[in-house]
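**Q** The sequence isn't on hand, but the structure is:
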């Protein structure tokens, strides 16, 4: 993986194993960051894995194609970026306790300091900012 401050990896969104592979990639990145001396809160690993899982699941479900996961530690924040090939913006659904699924973006927003969506010529980038502590 190289450096522990920033890494990226492409995943095949048509592969059902992409979500698990993205979670594992995140775990290795954060464990290497901890070994290198980055101070990380006790719950960050679980939260980061959940955020990555939700963002990559959405990309697999709606974009189908190449997905790029970028992880970067900067100024006490873990930035998790998922880029995909569809320009369709993610949508937070209104609260409905009877609805099964489609709660991912709401979960990500609850866990993170902020979530930004950037449209690009070939799709979009969703960046979640997760405090290290």
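**A** Received, thanks. Fair warning: this is a prediction, and the values are worked out from it, not measured in the lab.
**Q** all contacts plus neighbour counts: C-alpha atoms, from now on.
**A** Noted.
**Q** lowest-confidence helix or strand of this structure?
**A** Least confident helix or strand, the chain: helix 104-111 with a mean of 90, by mean pLDDT, DSSP states H and E.
**Q** Can you list the buried residues in it?
**A** Neighbour counts over helix 104-111 (16 or more other C-alpha atoms under 10 Å) mark 104, 105, 108, 109, 111 as buried.
**Q** contacting residues around the fourth one?
**A** Contacts here follow C-alpha atoms under 8 Å, 6 or more residues apart in numbering; on that basis residue 109 touches 115, 128.
**Q** swap the cut-off to 10 Å and go again
**A** 51, 92, 115, 116, 128, 129, 130 (C-alpha atoms under 10 Å, 6 or more residues apart in numbering).
**Q** so what's the backbone phi/psi at the last one?
**A** Reported as degrees, to the nearest 10, the phi and psi values for residue 130 are phi -120, psi 120.
**Q** how about the helices of the chain, start to end?
**A** Secondary structure of the chain (DSSP state H): helices at 18-35, 44-62, 104-111.
**Q** Could you identify which of those is most buried?
**A** Burial of the helices of the chain is given as mean neighbour count (mean count of other C-alpha atoms under 10 Å); helix 44-62 ranks first at a mean of 21.
**Q** so where's this structure shaky on pLDDT?
**A** 1-4, 93, 95-96, 99-103 (pLDDT under 70).
**Q** And for the spatially most central residue of it, nearest residue in space, chain neighbours not counted?
**A** The centre of the chain sits closest to residue 52, judged by C-alpha atoms, centre = their mean, with a distance of 3.1 Å. In this structure, residue 52 finds its nearest non-sequential neighbour in residue 23, 6.3 Å apart by C-alpha to C-alpha, 6 or more residues apart in numbering.
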